[in-house]
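> Generate a structure from the sequence data that follows.
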Amino acid sequence: MQNKGAIRLFAILLALVCLYQLSFTFKSKSVEKDAVENAAAVTAHIENDAERDDAAIIEKVHYLDSMSSETVYNFLGIRKYTYKEVKSREINLGLDLKGGMNVTLEISVVDLVKALSNYSRDSTFNAALALAQKSQENSQDDFVSLFGRAYNEIDPNAKLAANFLTPELKDRINFGSSNAEVLKVIEEEADAAIDNTFNILRTRIDRFGVAQPNIQKLSQAGRILVELPGVKDKDRVRNLLQGTASLEFWETYENQEVYPYLLEINQVIKEMQTTSEDVASDEAAVEADETVAEASTDEQTTEADDELSLLEELETTEADSTSIDENTDLAKDFPLFSALTPNVNNQGQLFPGPNIGFAHFGDTSVVNAYMNLPQVRSLMPREMIFRWQMKPFDDAENFYQLVALKVTTRDGRAPLDGSVVTDARQEFGQSSATAEVNMSMNSEGAKTWARMTKNNVGKSIAILLDEYVVSAPTVNGEITGGRSSITGGFTVEEAKDLANMLKSGKMPARVEIVEEYVVGPSLGQESINSGLWSFAIAFMLVLAYMMFIYSYHAGAVANVALIANLFFMFGVLASFGAVLTLPGIAGIVLTIGMSVDANVLIYERIQEERRAGKGLKLAIQDGYRNAYSAIIDGQVTTLLTGVVLYFFGSGPIKGFATTLIIGIITSLFSAIFLTRLIFDLFIGKDKKIKFASTATKDWLLNSKVKFLEKRKIAYVISSILIVGSIASIATKGLDYGIDFKGGRTYVVAFDQDVKVAEVSEALAVVYGAAPEVKTFGADNQVRITTNFKVDDKGEHVDNEVEALLYQGLQSMLADVDQDTFIEDYIKSSTKVGPTISDDIKKSALIALLLSLVIIFLYILVRFRDWQYGLGAISALAHDAIIVLGIFSIFSGILPFSLELDQAFIAAILTVLGYSINDTVVVFDRIREFIGLYPKRDLNTNTNNALNSTLRRTFSTSLSTFVVLLAIFIFGGETIRGFTFALLIGVVVGTYSSLFIATPIVFDTQSRAKKIIAKIKK
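Next up is the predicted model:
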């Protein structure tokens, strides 16, 4: 092997990189283990088990919050990492493994278009909107494009600009603007609204207090994906995500005006704490500790009801705060300043502006509680209120500034809100290097704005979004006419974000939840357990299988490659920040089973070379060289399938595709290069290497099966299976999951066994129609599917459906209240809107067809003969139809779900990838035999090629089948239908490679030769 040194160096470097990336996961788990131990020690004195468990959870959160900005990992003395940084680099678990909420939001662009037109009543305009909405149900194009086409279709001569001659757009649209120019402006506004919504949601989620949230824009225009691990309060999340943004403008106090009050507040709190030490009991302190921990997730704390308990909770919170631990004397003498650092310079001089101080994010709740004490509120003017800056001001993103606002209205509201803003755009100032924001207001807003700016020259006006300060520009002079320029050293992106936020109050871009997936923590833990069990069992089976088939020597080398492959896979997953899901674990296990194929191909080739009389060194060299073609062809076709899955799948399916792609690449490196390095090392030390065990060395060695003579029998069997499958699909149909038909599903666990018929009848009363109810795993757990109000876009409709679910099942729940039912008895829930389901169907169809086309083209290019492509595609179609038919025939008969959903599409595509892998290996050997024995007839060469690959075919198929069987049995109910499809696919795919694909190639090539011979005559 050439370049051994380079390959060895690359392997070492790759191992070091993977070890480095995985070290963050180990360190994160170590800190979390310390948090659990600390919580157990702190709460050990609590006698009540439930109270102790709740307190332990709170203490764990406090501990991890306090460690967030602390260095927990010093990498070789080169780089220090805080817990927050370590946590962000660990391997992320998907929601199906740790519980949480996955939501797909869609921004209502139609509402935006209506608002931009000032709600035009033009009949053509409104008819085009209605037609575009209808077209959107069956199209993946963005709404603005659909609207433009609909408008032109209804009246090609109509002027779209006539509907948008509003004050807000007068600088960009006039009566002479073409329809294309108007649509471009609308598209820009829609993009800005989407960007703004994304930024608002990201900020809200960051404030929500969820560990490792994920928010991203989807490829479909106007859709945003939000993943929130570990959340339980679904109602709160829905309100958080769908709530309208609140934009406000406030006058402010200057720092020097507020500082004297802060000094008084310190003294009052100090006196109150001294008094409270004499009257507070330990029990009250524990209760207050629980209260403040629950309140700490919301940074804007409500006013305290009980003075004594509030002081106790402050004392408890201070024990965990970051600042106070550093200076105990400061905490005693200046309790407020121990949490809130005043805005002063090193000489003790106050900085100008409305920022009165800053606090660590772990201390903001302490400051909030202090400021809301009745004694503290009585010290300050009634007009003085406080709000935090939206973004941290330090590079480490740990500290937030507090701003003092001035209430100037009788009702306590902001004097101006976002409804007066007509436009806001990012532009460049006098220096092209600096960006600024130009803002326009309507006439009513301009009057108030002129008064506010006149009264606050030299001071700041704070701009708030969702009660957080996004900017506090200084007023240079009175601004009349409603046009303002906001500067502040913005980058272009910062200016764009601020402009979009300013426009958020004017443009009502309504946000709707079109898809929702919730997994309870208990079901997530069950998935982890079942996934790990299936993984461990499958891995051990593969290791044992390789040792049994290929002896202790070669089997051990293959197992080293498998273990290295597993290590590399997790290292690469960690470095890419990929999310590990339950289908992802299935992808890893499947990759392990399929990666055996490369070792099998190499070992079988080496044995052939040894039987031909070659020495060990030459046999290994030629065995590797001759196996490369089949290995690469087989793995590339599976890799292409994985790529298609990645681009057209979503959620867990994308996780499956990610692990499949990474696994194929790392398995190629491990199987081809690492094993070769080990064998070369053995040869250099003159060690003997056996490539087959005594029990299996002659297994299928000299088989003489006449495959082609039996092809007509196979054609008949396959025809019967295909016709039966098509007939069942046409008559009985397929059990479509909500991914394809829309609706809601709930997995509900009861305290006792239930009958599905009784559950269905009970829910028919509240839903008006009987939902589909199936046993899900144990007899006390059911999956309920309903399309009740799935088209309703009301803000609280999801909560209504859950309330009716509880009402219908209440007789089976004993004394369980609704909140407990939703939190503890609903193990998971999924909602898929009709638009999303249409998109999923289209994506699935595109993925399937694209996979077939790509595979056909690859086979055509590699084998340069269309007959090979035809044989491969025919076998793939054969496999897909039969798997679909089995799902149709046995749906409702087998004791597990056989629904068609996104996971099933992933399974079908994986089956196709596996089948083509098997087929390509056979094709490669046929091509080789034709080249080696040109004088033999095609029948002989084809049969000999099939027989020569039989050991490899059964070794790979058997190992993969065993792996999948372990997943099927131990992998849990969630992916049982998924693995069942893969099991059937392996059997059918192996059969079709031998009896369908190759015979079709033989028949078409034979017929082509006869036609050519006739033409020549």
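> and stretch 533-543, C-alpha only, in CSV?
The C-alpha coordinates for stretch 533-543 follow below in CSV (Å, rounded to 0.1, in the frame of the first residue of the first chain):
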residue,chain,number,x,y,z
TRP,A,533,-29.9,-1.7,24.4
SER,A,534,-30.5,-2.2,20.7
PHE,A,535,-27.2,-0.6,19.9
ALA,A,536,-25.2,-2.6,22.4
ILE,A,537,-26.8,-5.9,21.4
ALA,A,538,-26.5,-5.3,17.7
PHE,A,539,-22.8,-4.3,18.1
MET,A,540,-21.9,-7.4,20.1
LEU,A,541,-23.7,-9.6,17.6
VAL,A,542,-21.7,-8.1,14.7
LEU,A,543,-18.4,-8.6,16.6
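> And residue 443, how close does it get to residue 622?
Going from residue 443 to residue 622 by C-beta to C-beta, to the nearest Å gives 87 Å. C-beta coordinates here come from the backbone N, C-alpha and C atoms, glycine included.
> Could you check which of the two has the larger neighbour count?
A count of neighbours by other C-beta atoms under 10 Å puts residue 622 above the other of residue 443 and residue 622, at 17 against 11.
> The more buried one: which element?
helix 616-648 (DSSP states H and E).
> One more: residue 545?
helix 521-576.
> Now do the next helix or strand after that helix, average pLDDT.
On the C-terminal side of helix 521-576, the closest following helix or strand by DSSP H and E is strand 579-580. For strand 579-580, mean pLDDT is 76.
> Remind me what the following helix or strand past strand 579-580 packs against, helices and strands.
Following strand 579-580 in sequence order, the next helix or strand is helix 582-611 (DSSP H and E). Where contact means 3 or more C-beta pairs under 8 Å, 6 or more residues apart in numbering; DSSP states H and E, helix 582-611 is packed against helix 95-98, helix 521-576, helix 616-648, helix 652-669, helix 902-932, helix 950-970, helix 976-992.
> tell me the angle helix 582-611 makes with helix 652-669.
Orientation check (axes from the mean of the first three to the mean of the last three C-alpha atoms, to 10 degrees): helix 582-611 against helix 652-669 gives 20 degrees.
> what's the angle from helix 582-611 to helix 902-932?
Here the directions of helix 582-611 and helix 902-932 differ by 10 degrees (the same axes, to 10 degrees).
> so where do the helices sit in the stretch 801-950 of the chain?
Ranges of helices within the stretch 801-950 of the chain are 818-820, 834-863, 866-890, 902-932, 938-948, 950-970, based on DSSP state H, counting those that start in this stretch.
> Doesn't residue 414 lie inside a strand?
No - Residue 414: not assigned to a strand; according to DSSP: H, G, I helix; E, B strand; the rest coil it is coil.
> Let me see the contact set for it.
248-250, 464 (C-beta atoms under 8 Å, 6 or more residues apart in numbering).
> which of those has the most neighbours?
residue 250 (25 neighbours).
> tell me the SS of that one?
Per three-state DSSP, residue 250 ends up strand.
> Just put the helices and strands packed on helix 582-611 in JSON lines and tack on distance to residue 255.
Shown next, in JSON lines, are these (distance: least, C-beta to C-beta, whole Å):
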{"stretch": "helix 95-98", "distance to residue 255": "44"}
{"stretch": "helix 521-576", "distance to residue 255": "45"}
{"stretch": "helix 616-648", "distance to residue 255": "52"}
{"stretch": "helix 652-669", "distance to residue 255": "49"}
{"stretch": "helix 902-932", "distance to residue 255": "55"}
{"stretch": "helix 950-970", "distance to residue 255": "63"}
{"stretch": "helix 976-992", "distance to residue 255": "60"}
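> of all the ones you listed, which lies closest to residue 216?
Across those, residue 216 has its closest neighbour in helix 652-669 (11.3 Å, C-beta to C-beta).
> for this structure, what helix or strand is lowest in average pLDDT?
helix 322-326 (a mean of 38; mean pLDDT, DSSP states H and E).
> Work out for me the element residue 437 sits within.
Going by DSSP H and E, residue 437 is in strand 435-441.
> For that strand, which strands pair with it and how are they oriented?
Strand 435-441 sits in its sheet next to strand 421-428 (antiparallel), strand 483-490 (antiparallel), going by DSSP bridges.
> Quick one: closest of those strands to residue 450.
strand 483-490 (10.3 Å).
> shaky segments in the stretch 51-200 of the chain?
96, 137-138, 140 (pLDDT under 70).
> can you give me the strands in it?
71-75, 79-82, 92-93, 100-107 (DSSP state E, counting those that start in this stretch).
> Show me what the second one is packed against.
It stands for strand 79-82. Counting by 3+ C-beta pairs under 8 Å, 6+ apart, strand 79-82 packs on strand 71-75.
> can you rerun that using 10 Å?
Contact here means 3 or more C-beta pairs under 10 Å, 6 or more residues apart in numbering; DSSP states H and E; on that basis strand 79-82 packs against helix 4-42, strand 71-75, helix 83-89.
> Show me which positions of the second one end up buried.
Neighbour counts over strand 71-75 (16 or more other C-beta atoms under 10 Å) mark 72-73 as buried.
> Would you mind finding the most buried of the helices of the stretch 801-950 of the chain?
Of the helices of the stretch 801-950 of the chain, the one with the most neighbours on average (mean count of other C-beta atoms under 10 Å) is helix 902-932, at a mean of 25.
> Run the chain-centre distance for that one.
Per C-alpha atoms, centre = their mean, to the nearest Å, the displacement of helix 902-932 from the mean C-alpha position of its chain is 30 Å.
> mean confidence for that helix?
Taken as a whole, helix 902-932 has a mean pLDDT of 82.
> Begin at 17, not 1, for the rest of this chat.
I'll keep to 17 as the first residue from here, and by that count the last item is helix 918-948.
> Return the angle between stretch directions for that helix and helix 954-964.
Between helix 918-948 and helix 954-964, the angle comes out at 120 degrees (the same axes, to 10 degrees).
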